[in-house]
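S.K.: generate coordinates for the sequence data below:
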Amino acid sequence: MYLNSIKIQNIRSINSLDLTFKEPAGWHVIIGDNGSGKSTVVRSIALGIIGPFDSKALRLNLNDWISKKHKTGSFISIKGQRSEFDKTSSPTNSNDFSATVVFKERGIGEYNLESDDSSLKNLWSNESGWFSCAFGPFRRFSGGKEWNKIYYSEPRASAHLSIFGEDVALTEALDWLKELHIKSIEALSGIKHRKSNENYSPDFILENLKIFLERGSLLPHGTKVHQITSEGIFLKDGNGVIVDVTQMSDGYRSILSLIFELIRQLVRCFGADLVFKDFNNENPIINLPGIVLIDEVDAHLHPSWQARIGEWFLGVFPKVQFIVTTHSPLICRAAEKGSIWRLKAPGTEGVSGEIKGVEKERLIYGDLLDAYGTELFGRNVTQSKSGIEINEKLAELSLKSFKGNLDTNEKEEFNHLKLITSHLNDAAFK
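M.R.: Got it, this is the predicted structure:
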């Protein structure tokens, strides 16, 4: 499935926001200052996709969702199109779907959710397909054990769980990989599971996963998956050292936990045969549609990793609609196939909306100074206050030099400041 439009009204800090995606599959980026509502947007999308029934498993405090400025009129409305893989119980069998989550009036003691009829037979019907998942900024392998049972009792809600709380860990992905390893060993010993209806071997997934991670050098410095055992997942870093994945840096864990859980959810939804249908060593891609929400996709990533993470995702998931939030202009580079949206800063009279034209091109094709020069990430962020003062002093001395009025000390200072600014400019453009 894909989303074509989203409307959010009176939800937390968002008074009114309309997002439209003419070409859904691609890299759609949401930027904005702290407090502008980026997390609210992706959480609202996730809630609209999950629906009022499965979302009960998330134990959300709905008192926090209705805007404090309004008593009524809070809702989330999404419209989209189903794919060839999405089943429907609707008699019209339409490819288009809509879903609206309406928050009841404030002051009645509870905030319940209502739904429209069409969504009950499409998006929220629990028919097969309809793939989506979401990831919060705190992506890790450990902690949050109290949520583990939801992965089994409410798999659809659990696919979006981490975007709603800091206490949620993606522990199930590691357990799944360990279980695959154990089943692989058992298969070699001739052990079969009576209740298993899987039509693929565990080795099939494990080997493809290794290929998947090594494709396009996702992991920097030549890091590769070394071994998956019942004790854990081990990587070999650029120095040849074997390291448990849970002991890797925050950047590695942030991306690997996301990748492992994304693959697990895809296999759960579509089955391994379909997930790896177009997979091969030369061009390992997963040609399946769906929606992936990632809050603060740049969290813990080195700038060089930020610059290529979007292109990597699009390269291996060419049919997925990614909707991500970020504070980094480097994340915007992959939006050549997609869109960029900016939320207005808190307390300003600005308007949220899509970034188009030259400003979008500067974010995608320009260097960092071009990106920051748009002022979409704030003003005066390319230089410190001291740096600005240095430039002002340099300009003052340049004028005096032009007039021939520099004394010996000023000449020395002038030459030193020219050396500093020349070095900074050269470094910025390398």
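S.K.: same for the host helix or strand of Ser98, what does it pack against?
M.R.: Using DSSP states H and E, Ser98 falls within strand 96-103. In this structure, strand 96-103 packs against helix 38-54, strand 74-81, strand 113-114, helix 117-120, with contacts taken as 3 or more C-beta pairs under 8 Å, 6 or more residues apart in numbering; DSSP states H and E. C-beta here means a position set from N, CA and C on the backbone, and glycine is covered the same way.
S.K.: can I get those in TSV with distance to Ile323 and mean neighbour count?
M.R.: TSV is the format used below for those (distance: least, C-beta to C-beta, whole Å; neighbours: other C-beta atoms under 10 Å):
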stretch	distance to Ile323	mean neighbour count
helix 38-54	6	23
strand 74-81	11	21
strand 113-114	21	16
helix 117-120	19	15
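S.K.: among those, which comes closest to Met1?
M.R.: Distances from Met1 to each of these were compared by C-beta to C-beta, and the smallest falls on strand 74-81, at 5.7 Å.
S.K.: which elements pack onto that closest one?
M.R.: On the basis of 3+ C-beta pairs under 8 Å, 6+ apart, strand 74-81 makes packing contacts with strand 2-11, helix 38-54, strand 96-103.
S.K.: who does the first one touch, helix- and strand-wise?
M.R.: On a contact count with 3+ C-beta pairs under 8 Å, 6+ apart, strand 2-11 meets strand 14-20, helix 38-54, strand 74-81, strand 320-326.
S.K.: list the buried residues in it.
M.R.: Residues 2-4, 6-11 are the ones in strand 2-11 that count as buried (16 or more other C-beta atoms under 10 Å).
S.K.: so which two of these are the farthest from each other?
M.R.: Looking at those by C-beta to C-beta, the two members farthest from one another are Tyr2 and Asn10, with 25.8 Å of separation.
S.K.: nearest to Asp273, out of the helices and strands packed on strand 74-81?
M.R.: strand 2-11 (23.1 Å).
S.K.: report the distance from the closest one to the chain centre.
M.R.: Computed by C-alpha atoms, centre = their mean, to the nearest Å, the separation of strand 2-11 from the middle of its chain amounts to 17 Å.
S.K.: over to stretch 317-331?
M.R.: 6 Å.
S.K.: could you work out the end-to-end span of that stretch for me?
M.R.: Between the opening and closing residues of stretch 317-331 we find a distance of 17 Å, counting by C-alpha to C-alpha, to the nearest Å.
S.K.: can you point out the buried residues in it?
M.R.: Using 16+ other C-beta under 10 Å as the test for burial, stretch 317-331 gives 317-326, 328-331.
S.K.: closest one of the residues you listed to Ser55?
M.R.: Nearest to Ser55 among those: Ile323, at 18.2 Å, using C-beta to C-beta.
S.K.: let me see the contact set for that closest one.
M.R.: With contacts taken as C-beta atoms under 8 Å, 6 or more residues apart in numbering, Ile323 has the following neighbours: 3, 28, 30, 42, 45, 291-294.
S.K.: hmm, His300 is touching Ser254, no?
M.R.: Yes. Under the contact definition of C-beta atoms under 8 Å, His300 touches Ser254, with a separation of 4.6 Å.
S.K.: the helices and strands packed on strand 74-81: which one's closest to Gly357?
M.R.: Ranking the helices and strands packed on strand 74-81 by their distance to Gly357 (criterion: C-beta to C-beta) puts strand 2-11 first, at 21.1 Å.
S.K.: show me what the closest one is in contact with.
M.R.: Taking contacts as C-beta under 8 Å, 6+ apart, the residues outside strand 2-11 that touch it are 14-21, 24-25, 40-41, 44-45, 48, 65-67, 69-70, 73-81, 83, 103, 289, 291, 321, 323.
S.K.: what angle separates that strand from strand 14-20?
M.R.: Relative orientation of strand 2-11 and strand 14-20, computed by axes from the mean of the first three to the mean of the last three C-alpha atoms, to 10 degrees: 170 degrees.
S.K.: could you dump strand 2-11 to PDB, C-alpha only?
M.R.: Listed next in PDB are the C-alpha coordinates belonging to strand 2-11 (Å, rounded to 0.1, in the frame of the first residue of the first chain):
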ATOM      1  CA  TYR A   2       0.900   3.700  -0.300                       C
ATOM      2  CA  LEU A   3      -0.200   6.900   1.200                       C
ATOM      3  CA  ASN A   4      -1.300   9.700  -1.200                       C
ATOM      4  CA  SER A   5      -2.300  12.300   1.300                       C
ATOM      5  CA  ILE A   6      -2.400  12.900   5.000                       C
ATOM      6  CA  LYS A   7      -4.400  15.600   6.900                       C
ATOM      7  CA  ILE A   8      -3.700  16.200  10.600                       C
ATOM      8  CA  GLN A   9      -6.000  18.600  12.500                       C
ATOM      9  CA  ASN A  10      -5.600  19.900  16.100                       C
ATOM     10  CA  ILE A  11      -3.200  17.100  17.200                       C
END
